[in-house]
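K.L.:
Pasting the sequence and the predicted model now:
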Amino acid sequence: MTSPIRTERHGDVLVIIADNPPVNALGAAVRQGLEAAIEEGEADGAIAAMVIRCDGRTFFAGADITEFGKPPVEPMLPTVVDRIEASSKPVVAAIHGTALGGGCEVALGCHYRVAVPSAKIGTPEVKLGLLPGAGGTQRLPRLAGVRLALEMTAKGDPISAKRAQEAGLIDRIVGEDSLAADAVAFAGEVKAVRPIPRASERAVQPDPEAVAAFQKENARRFRSFDAPAANIACVVKATEVPFDQGIAFERKEFLRLMTGNQSAAQRHIFFAERQAAKIDDVPADTPLRPIRRVGVIGAGTMGGGIAMNFLSAGIPVTIVEMAQEALDRGTGVIRKNYEATAAKGRMTSGQVDTAMAALIPTLDFDALADCDLVIEAVYETMAVKQEIFGRLDGIAKPGAILASNTSYLDIDAIAACTSRPQDVLGMHFFSPANVMKLLEVVRGAKTAPDVLATVMALAKTIRKVAVVAGVTYGFIGNRMLMPRQVEANKLLLEGATPEQIDRVHVAFGMPMGPFQMADLAGVDIGWHRDPNRIENVRDALAAEGRWGQKRQAGFYDYDEKRNPSPSPRVAEIIQDWRDKTGTPQHEVTDEEIVERTLYPMVNEGALILEEGKAQRASDVDVVWIYGYGWPVYRGGPMFWAKTEGYDKVVAGLEKHGFTVAQSLKSGSIK
Ligand code: T1G
């Protein structure tokens with residue numbers, strides 16, 4: 001097997017080149033080749049300096065995550081990085097693409113770093129529940145200072161080549177198209193410079209104020225995660241002890257994180273997100289339909305948010321409403337959202353104007369005739385959707401993809417109202433549609449493979465994480481939400497309070513509990529259809545105008561800043577319903593809340609998989625991470641159940657009288 005590393009001589013400079021697609025991950029063969037190449041350069045008297053660069057789209061993008069959990073293969077990355085730094089001849093890193101994780105650490109082990117303007121450098125290990133384990137936590141603060149080292153390691157976002165140069169991480173920005181030549185020239189300039197600059201030999205001053213400020217600033221973001229604190233501890237250690245002691249501390253912390261549940265969960269989601277994009281029975285090279293213009297029917301909250309996704313990706317949108325006032329309100333909200341983003345510095349006013357210029361608001365339904373994709377985002381009633389798809393069938397051009405944003409309804413029943421069911425599918429966005437990353441792509445019985453493949457690819461273009469769902473009420477996420485809500489409401493009648501149930505969910509790591517979620521989404525959703533039908537606590541609240549945050553009162557009372565507090569009135573209403581229904585009361589424990597609200601979600605996920613309404617268990621996890629904020633350090637409902645132990649979950653479900661899915665009972669969930 002040929003090595004992914006080769007060397008070339010350019011005068012007295014040895015160029016070491018890696019070619020390990022797709023992202024030049026630092027797998028065993030790459031590490032072995034790098035070490036051998038450095039030895040070659042050291043041993044050759046004709047060589048005065050060395051360059052390390054990569055073919056393909058990027059400099060090393062990190063250790064090979066697929067190797068984690070397998071027996072280590074020498075040389076390990078810290079050894080390779082130390083060997084580079086110990087070289088008696090200067091070594092220059094030539095960076096393009098994204099030098100991430102171990103890739104960044106290889107660059108920091110080099111004595112100099114040059115980069116093209118578009119390059120990025122970062123240590124995203126924290127997003128995998130880890131920390132830079134090849135000296136990054138010790139070299140970064142020595143080169144760039146404590147504050148930036150904290151930002152880069154504990155938050156994990158990459159920085160631009162320009163910012164890296166300003167911070168002293170990059171020595172020179174070279175030509176975008178002349179990296180190879182410019183790096184050799186730079187090596188020629190520094191080949192005789194002594195002493196050779198080694199990051200590990202630099203001092204770094206403690207900066208307790210920066211550490212305290214950073215921890216305070218990010219307390220909420222880091223809540224319940226293990227890795228951020230470990231990254232901070234390593235950076236602080238770099239300011240307190242000599243390099244080799246700092247490295248020993250980093251190694252210990254790295255192994256502690258690597259063997260913990262959180263990192264296993266976060267690495268699981270890293271691959272699960274990418275796996276979700278693959279459709280098992282549709283070839284990856286299926287030709288896609290070109291999507292040049294998108295039509296959106298409905299300029300309400302969802303329609304406007306959906307439109308923004310395409311406008312932000314540079315795809316023109318025709319948005320249709322029934323009345324001018326609604327159309328104007330919808331386009332006004334889109335502009336306001338963009339201007340708010342610009343005010344935060346995340347967009348320029350020019351970009352706002354460009355996006356708005358690509359939006360065609362109209363009352364003319366026929367204007368959808370030249371759209372390649374039309375997304376319906378109107379009332380969640382089947383009759384309305386069927387009427388719209390019937391009209392659309394007569395207007396849309398041949399080959400146009402017709403999608404519904406329905407969050408529950410039967411796509412096949414909608415497709416049946418057209419002469420082209422093969423072009424129909426669901427695109428279920430999550431509110432707010434321009435913010436939430438999840439997109440459930442609902443595959444109808446007759447949806448054509450290329451239609452599905454086109455929408456899955458388009459999801460990537462609009463920066464969504466897409467998951468294929470089958471036609472079933474609520475698809476994947478909302479179908480699993482239902483048993484959780486049913487049990488939460490039952491627990492209220494049996495003696496629990498909204499605060500207790502929500503507290504258990506927030507302690508688990510959810511952004512909010514079932515009742516906080518109801519207040520945010522609107523307690524009155526669904527009640528308006530028959531306001532006189534008061535069948536449960538939620539109906540009773542809605543009937544009293546307690547519609548949630550939008551009315552400063554729902555399951556909680558809210559002050560003007562929307563801070564919630566337990567409501568004595570709600571307690572009365574709950575007690576009324578306990579009395580009215582004669583529900584036996586008992587002391588509800590936190591453990592019972594987990595067993596009756598979270599385990600049933602796992603059970604429903606298993607049933608969804610058994611029915612073939614999701615392709616794989618990891619897809620179910622992706623839905624809950626990106627659609628509902630399930631804590632990524634628990635890996636999603638199905639991964640969490642495996643970590644908990646299927647036996648424990650089954651026992652918990654059976655204790656409360658649930659019928660357990662066969663695949664869960666047998667532990668054969670895939
Ligand atoms: N190891 C193995 N495979 C990887 C990989 C990695 N580090 N990064 C990407 N892949 C695969 C990915 O699964 C996909 O495979 C393909 O490459 C394209 O990726 C010791 C311990 C580089 C920004 O966390 O952020 O170094 O699906 O779809 O959108 O201190 O990949 O095609 O079969 O994401 O263009 C630290 C992780 C590792 C960077 C490119 N590094 N990667 O994004 O392509 S830990 C990271 C990314 C570490 C050291 C520590 C992105 C990307 P497939 P993609 P992309």
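P.N.:
Looks like it came in fine. These numbers come from a predicted model, not from an experiment.

K.L.:
what does this structure put close to the ligand?
P.N.:
22-23, 25, 61-66, 77, 98, 100-102, 105, 124-125, 128, 130, 132-134, 136, 271, 274 (C-beta under 6 Å from any ligand atom). Where C-beta positions appear, they are placed from N, C-alpha and C, glycine not excepted.

K.L.:
now the residues you listed: which count as buried?
P.N.:
Using 16 or more other C-beta atoms under 10 Å as the burial test, the residues of the chain next to the ligand include 23, 25, 61-65, 77, 98, 100-102, 105, 124-125, 128, 130, 132-134, 136 as buried.

K.L.:
for the stretch 101-250 of the chain, what spans make up the helices?
P.N.:
Applying DSSP state H, counting those that start in this stretch to the stretch 101-250 of the chain gives helices spanning 102-109, 136-144, 146-150, 161-167, 179-190, 208-217, 219-222, 227-238, 243-258.

K.L.:
Could you dump these into CSV with mean pLDDT added?
P.N.:
Formatted as CSV, these follow (pLDDT from 0 to 100):
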stretch, mean pLDDT
helix 102-109, 98
helix 136-144, 98
helix 146-150, 97
helix 161-167, 97
helix 179-190, 98
helix 208-217, 97
helix 219-222, 95
helix 227-238, 98
helix 243-258, 97
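
K.L.:
Go through these and name the closest to Val504.
P.N.:
Among the helices of the stretch 101-250 of the chain, the nearest to Val504 by C-beta to C-beta is helix 219-222 (19.2 Å).

K.L.:
Residues contacting that closest one, please?
P.N.:
Ala154, Lys155, Pro228, Ala229 (C-beta atoms under 8 Å, 6 or more residues apart in numbering).

K.L.:
what sits against the residue in the stretch 101-250 of the chain positioned nearest to the ligand?
P.N.:
The stretch 101-250 of the chain approaches the ligand most closely through Gly101 (2.5 Å), counting by C-beta to the nearest ligand atom. Counting by C-beta under 8 Å, 6+ apart, Gly101 touches Ala61, Gly62, Ala63, Gly122, Thr123, Pro124, Glu125, Pro132, Gly136.

K.L.:
from those residues, which is closest to Tyr556?
P.N.:
Relative to Tyr556, the closest of those is Pro124; by C-beta to C-beta it sits at 36.9 Å.

K.L.:
Hmm, that closest one is touching Pro158, no?
P.N.:
Yes. Assessed by C-beta atoms under 8 Å, Pro124 is found in contact with Pro158 at 6.9 Å.

K.L.:
between those two, what contacts are shared?
P.N.:
By C-beta under 8 Å, 6+ apart, Pro124 and Pro158 have these common neighbours: Leu100.

K.L.:
how long is stretch 337-353 end to end?
P.N.:
12 Å (C-alpha to C-alpha, to the nearest Å).

K.L.:
And it, what's buried?
P.N.:
Neighbour-count burial for stretch 337-353, counted by 16+ other C-beta under 10 Å, picks out Asn337, Tyr338, Thr341, Ala342, Met347, Val352.

K.L.:
I'd like those residues as TSV, with secondary structure and pLDDT appended.
P.N.:
Conversion of the buried residues of stretch 337-353 to TSV gives the following (DSSP: H, G, I helix; E, B strand; the rest coil; pLDDT from 0 to 100):
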residue	secondary structure	pLDDT
Asn337	helix	95
Tyr338	helix	96
Thr341	helix	94
Ala342	helix	94
Met347	coil	91
Val352	helix	95
